[in-house]
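Student: Using only what follows, build the 3D model:
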Amino acid sequence: MKPNSSFLFTGGSVLAAIAFISEAWPLLLLALFVLFLGLIRADREQLAGLDARVTEMFLARCDMPLLPLDGFAGEGLIGYRAGYPVYRVLKSRDARWQLLGPDDEVKVVGNAIRVCPGLIYRRLED
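Tutor: Predicted coordinates:
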């Protein structure tokens, strides 16, 4: 059983207090190490508590990065997903992109982009 982050933070703080009171400076290094482990554990606990779709939005996928909507102009508003507008067609300065669907439902083929909040768009030929 792994200790949770609050246990590590409490233990590190107690060790740091003991190190300062008794002037045992090598013990302070151990306290800082335990606090660092607590930070790592807290980060993992927060990631484990997130919804799968939210995690995908925060963690970049290497094969197809998540692009922001700022660089596009949209046509044909369908609705909203995760607080972001979903358009049928996105326009950038050099191309037009048609909505295929969410990235967990669509098989990605060449000439496609992934736009926040995790939607796949295919390039339209002019």
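Student: Residues contacting the lengthiest helix in the chain, please?
Tutor: In the chain, with assignment by DSSP state H, the single longest helix is helix 25-49. By Cβ atoms under 8 Å, 6 or more residues apart in numbering, the surrounding residues in contact with helix 25-49 are 2-9, 11-13, 15-16, 18-20, 55. For the C-beta atoms, the positions are set from N, CA and C on the backbone; glycine is no exception.
Student: go again using 6 Å as the cut-off
Tutor: Ser5, Leu8, Phe9, Gly11, Gly12, Leu15, Ala16, Ala19 (Cβ atoms under 6 Å, 6 or more residues apart in numbering).
Student: Just the buried residues of it, please?
Tutor: Ala31, Val34, Leu35, Leu37, Gly38, Arg41 (16 or more other Cβ atoms under 10 Å).
Student: Now do the end-to-end distance for stretch 110-119.
Tutor: End-to-end distance for stretch 110-119, by Cα to Cα, to the nearest Å: 15 Å.
Student: Quick one: mean pLDDT for it?
Tutor: The pLDDT scores in stretch 110-119 average 81.
Student: Kindly report the same for stretch 8-19.
Tutor: Stretch 8-19 comes out at a mean pLDDT of 92.
Student: Kindly report the domain assignment for this protein.
Tutor: 5-49, 66-124 (automatic domain parsing).
Student: what's the least confident stretch among these?
Tutor: domain 66-124 has the lowest average pLDDT among these, namely a mean of 84.
Student: show me the residues around Trp97 that make contact.
Tutor: Going by Cβ under 6 Å, 6+ apart, the list of residues near Trp97 reads Leu90, Tyr121, Arg123.
Student: Try it again at 8 Å.
Tutor: Phe72, Val89, Leu90, Lys91, Ile113, Val115, Tyr121, Arg122, Arg123, Leu124.
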